[in-house]
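build me a model from this:
(one chain, ligands or ions: 1)
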Amino acid sequence: MTLALGCIADDYTGASDLANTLTRAGLRTVQTIGVPADDLKLPEVDAVVVSLKSRSIEPGLAVSRSRAAEKWLRGRGASHVLFKICSTFDSTDAGNIGPVMDALRADCGEAVVLVTPAFPETGRTVYQGNLFVGAVPLSESPLKDHPLNPMHDSNLVRVLARQSKTPIGLVELATLTRGAEAVRARLAELSGKGIGAAIIDAVFDRDLETIGLVAGEHRLSVGASGIGLGLARALVSSGKVKSAATAGQQGAAVGGAVACLAGSCSQATLQQIANAERVMPVLRLEPDRILAGAHEAQRALDWAKEHLAQGPVLIASSATPQAVAAVQARHGRDAAGHAIEQTMADLAEGLVRSGVRRLVVAGGETSGAVVDRLRIPGFLVGVEIAAGVPVLRAVGAGAGSMLLALKSGNFGGPDFFSDALALMR
Ligand code: ADP
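Sure thing, here's the model as predicted:
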């Protein structure tokens, strides 16, 4: 198998977002959790997105993990690698965008790298190198107060220059608007001046198409899901990827028992649980029992085993803001969150042992804890249940064939659980 596109994402949710975007654009896409083992058996796919957690770690570690990911992707034929960063360019002067870009660029021998976090349809635009978040410059957006990566400078040429060893150039909108040939000429000119990377403006969705076309002619690019979309469209329209019609399809039925776990306490999830209660048995966990070390997971598993043969079940720790605040006041926020997440992971493990092969999880952190515990190396991205929430088919999982849906708190409509189960066959 030869990958048409390899991607390295600096965090897990960004990787999921990119994998979903690529699938919707017509690429059969697998998202892996970390750098996969060499013997991971991949289905026939066009793109692989390797998810790392490298956004806010020490730059040296981010570099070594990203290089390992690049080596794996190139080893599977990826001639182009996209280093996927946050669409708000989350980073500090120490990195990690610049150091990782420099290392990957050196490894693949690229002269000049196109860089853009733009994704106009989601309100991220870049003009004269300045990133806008909706209507305001990055440095006036809520990102100015981000706890890990406060962004105080909207000019990405300057931001990246502080992180990178290579001089940084700019490809302006005026050049981009003149088309791919003008961009190629500008890149050649910048490269001739010793510039190793260029921020490229993008204000309209169609700008991504030109960027994707030109970026794909190089070995490396850096950006968010917007440039991913541009790269995918260029691959499909050039005929290099022929699978557009089958990407994101349902695939063979998996069968097996079905269960839902909810650890999110968002408004949307609370409503979804209330609606699910009409169509499946629901067990509510007691956080105080979890924190007291009582055998709450075992109680829930015993309950689930009584019901699984009759149909889907839902187990939830979710509670109202008042109840959550009370639990946090008694036990501390982090301790409560961690203990409940680990109980959810215990439950997922126990449910799979009891024959569950289709699992819906509500909550971002909760999903992370579940996926880690189940040691699932990767997912083939399938049909979307709701915007941004696809059905995921486990790849290389110890338990064999399995379908999952992993939902961040606020995602999905009021009948999300039923909607998910209808598509997870
Ligand atoms: P979301 O995607 O909505 O943010 P997460 O799973 O990321 O959901 O985060 C929810 C957090 O709340 C987790 O750490 C979870 O363990 C914790 N939690 C779940 N139920 C409760 C509860 N009843 N009381 C306190 N914390 C809870």
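
which bits of the stretch 251-400 of the chain sit near the ligand?
Contacts of the stretch 251-400 of the chain with the ligand, taken as Cβ under 6 Å from any ligand atom, map to 263-266, 287, 317-319, 323-324, 327-328, 336-337, 340-341, 363-366. C-beta here means a position set from N, CA and C on the backbone, and glycine is covered the same way.

out of these, which end up buried?
Listed as buried from those are 263-266, 287, 317-319, 324, 327, 336-337, 340-341, 363-366; burial here means 16 or more other Cβ atoms under 10 Å.

partners of the longest strand seen in the chain in the sheet?
When the chain is scanned for its longest strand (criterion: DSSP state E), the result is strand 378-386. Partner strands for strand 378-386, per DSSP bridges, with pairing direction: strand 29-33 (antiparallel), strand 389-395 (antiparallel).

what's next to the longest one, contact-wise?
Residues external to strand 389-395 that are found in contact with it (Cβ atoms under 8 Å, 6 or more residues apart in numbering): 19-20, 23, 30-32, 40-43, 248, 250-251, 254, 374, 376-385, 401-408, 411-412, 416, 420, 423-424.

filter the residues you listed down to the buried ones, ChimeraX style.
The buried residues among the contacts of strand 389-395 can be selected in ChimeraX (16+ other Cβ under 10 Å) with this line:
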select :19,20,23,30,31,32,40,42,248,251,254,374,376,377,378,379,380,381,382,385,402,403,404,405,406,407,408,411,412,416,420,424
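
and the strands paired with strand 378-386 as TSV, adding mean pLDDT and distance to A304?
Supplementary listing: the strands paired with strand 378-386 in TSV, determined by pLDDT from 0 to 100; distance: least, Cβ to Cβ, whole Å:
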stretch	mean pLDDT	distance to A304
strand 29-33	96	25
strand 389-395	94	20
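
just send these back as CSV, with distance to E277 too.
Converted to CSV, the strands paired with strand 378-386 look like this (distance: least, Cβ to Cβ, whole Å):
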stretch, distance to E277
strand 29-33, 31
strand 389-395, 20
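
out of these, deepest packed?
Sort these by mean neighbour count, taking mean count of other Cβ atoms under 10 Å, and strand 29-33 sits at the top with a mean of 26.

next secondary structure element downstream of it?
On the C-terminal side of strand 29-33, the nearest following helix or strand under DSSP states H and E is strand 47-51.

which elements pack onto that next one?
With contacts taken as 3 or more Cβ pairs under 8 Å, 6 or more residues apart in numbering; DSSP states H and E, strand 47-51 sits against strand 5-9, helix 12-24, strand 29-33, helix 59-75.

and it, which residues are buried?
Judged by neighbour count (16+ other Cβ under 10 Å), strand 47-51 contains these buried residues: 47-51.

and for stretch 120-128?
Buried residues in stretch 120-128, defined by neighbour count with 16+ other Cβ under 10 Å: 120, 124-126.

so for that stretch, what's the average pLDDT?
Predicted confidence along stretch 120-128 averages 96 (mean pLDDT).

wait, what's in contact with the residue of the stretch 51-200 of the chain found nearest the ligand?
Per Cβ to the nearest ligand atom, K53 is where the stretch 51-200 of the chain lies closest to the ligand, at 14.6 Å. Each residue near K53 by Cβ under 8 Å, 6+ apart is listed here: 10-12.

what about the strands in the stretch 151-300 of the chain?
Counting by DSSP state E, counting those that start in this stretch, residue ranges of the strands within the stretch 151-300 of the chain are 168-171, 197-200, 220-223, 257-262, 282-284.

what about stretch 26-44, start to end distance?
Using Cα to Cα, to the nearest Å, one end of stretch 26-44 lies 14 Å from the other.

now a PyMOL select for only the buried ones of the contacts of K53.
Of the contacts of K53, the buried ones can be selected in PyMOL as follows, counting by 16+ other Cβ under 10 Å:
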select buried, resi 10+11+12
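
out of the contacts of K53, who's near the ligand?
Among the contacts of K53, no residue lies close to the ligand (Cβ under 6 Å from any ligand atom).

in the stretch 51-200 of the chain, which spans are helices?
Ranges of helices within the stretch 51-200 of the chain are 59-75, 97-108, 156-163, 173-177, 180-192, based on DSSP state H, counting those that start in this stretch.
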